[in-house]
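no FASTA, just this:
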């Protein structure tokens, strides 16, 4: 195709990605795709099959996993193809649709992570309001709004009225370009899709640390088992550090590179940034799911095709599960101590 030859020439001349680097990036993308599809699909099946782990937080985790699954299944095959071919070969229509899916999926993932942070903060800091804020209907509404908002933000660009989707010759990839009036939605998407969730996550976990530390000190004064509280606090600290480090490592580099290297003078940094974003789609199940013993057990039972396990015999409803209710009551006790 003439367009493909022209794009390949522009790609080679302007950004000068090396062939070994592109082949390695394509191979790595395929590995991420396979692992991501398997990991996120396993998580979703485990959530559907085992009732005990279907808590409110798990609903947002399911939203996150579904978004990452769609990203791996629909976006990464085209990304791998582009790495291997050195340019986009799938036509103008898909050059608009795939970036729409990519940005929309990333938005859902980041907002789902932020929602999990908010959920944990309310559970710990405001346990008396938890069951009122997180009913079954409201959780469904929250998740629906996340998806509608994330993909709704892409509509103006898709219609060409706030930037346009198309081949960015400097990057050699399909992305958001400025429209005929010089407008682009990239800055707004950065603020809404990365900066805002980052602020929410930092604020929530900072407050979680403060509440838990204060509560543990109060309880330790009335208990001889103070070491237990210290270990619990360290576990929370470890989880928070893992979550936040993965969040920053996967999403911050491409953001910084695109801001400070708009002319693509350092092509390998752009490739690395994209690969890290792709990696986030298969890292999330590890961070948010497998660090929990109940989820690990649910994984094992799912792989064994043993869906009638002893995890729980209850069904989800508008009220918390037994374990969740105990957690709420526990947090009420430590906050009010």
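That came in fine, so what should we check first? Given the structure is predicted, the values throughout are model-derived calculations rather than measurements.

Tell me the first helix or strand C-terminal of the lowest-mean-pLDDT helix or strand in the chain.
None of the helices or strands of the chain scores lower by mean pLDDT, DSSP states H and E than helix 2-14, at a mean of 44. Sequence-wise, the next helix or strand downstream of helix 2-14 (DSSP states H and E) is helix 19-49.

Can you point out the buried residues in that next one?
Under the neighbour-count criterion of 16 or more other Cβ atoms under 10 Å, helix 19-49 has 22, 25-26, 28-30, 32-33, 35-37, 39-44, 46-47, 49 buried. C-beta: built from backbone N, CA, C; applies to glycine.

Packing partners of it?
Packed against helix 19-49 by the contact rule (3 or more Cβ pairs under 8 Å, 6 or more residues apart in numbering; DSSP states H and E) you find helix 56-70, helix 76-85, helix 267-285, helix 293-303.

nearest to residue 132, of those?
helix 56-70 (12.1 Å; Cβ to Cβ).

so that closest one versus helix 267-285, what angle?
Angle, helix 56-70 to helix 267-285, by axes from the mean of the first three to the mean of the last three Cα atoms, to 10 degrees: 140 degrees.

quick check: angle from helix 56-70 to helix 293-303?
Angle of helix 56-70 versus helix 293-303, following the same axes, to 10 degrees, is 50 degrees.

In terms of secondary structure, what does helix 56-70 contact?
helix 19-49, helix 91-125, helix 136-152, helix 267-285.

which residues touch that helix?
Here helix 56-70 makes contact (Cβ atoms under 8 Å, 6 or more residues apart in numbering) with 36-37, 40-41, 43-44, 47, 101, 105, 108-109, 112-113, 115-116, 119-120, 134, 139-140, 142-143, 146-147, 280-282, 284-285, 288-289, 320, 324.

can you check stretch 284-300 too?
For stretch 284-300, contacts defined as Cβ under 8 Å, 6+ apart pick out 39-40, 42-43, 46-47, 49-50, 52-53, 61, 64-65, 68, 109, 116, 239, 242-243, 246, 309, 311.

which parts of it are buried?
Here stretch 284-300 shows 284-285, 287-289, 294-295, 297-299 as buried, counting by 16+ other Cβ under 10 Å.
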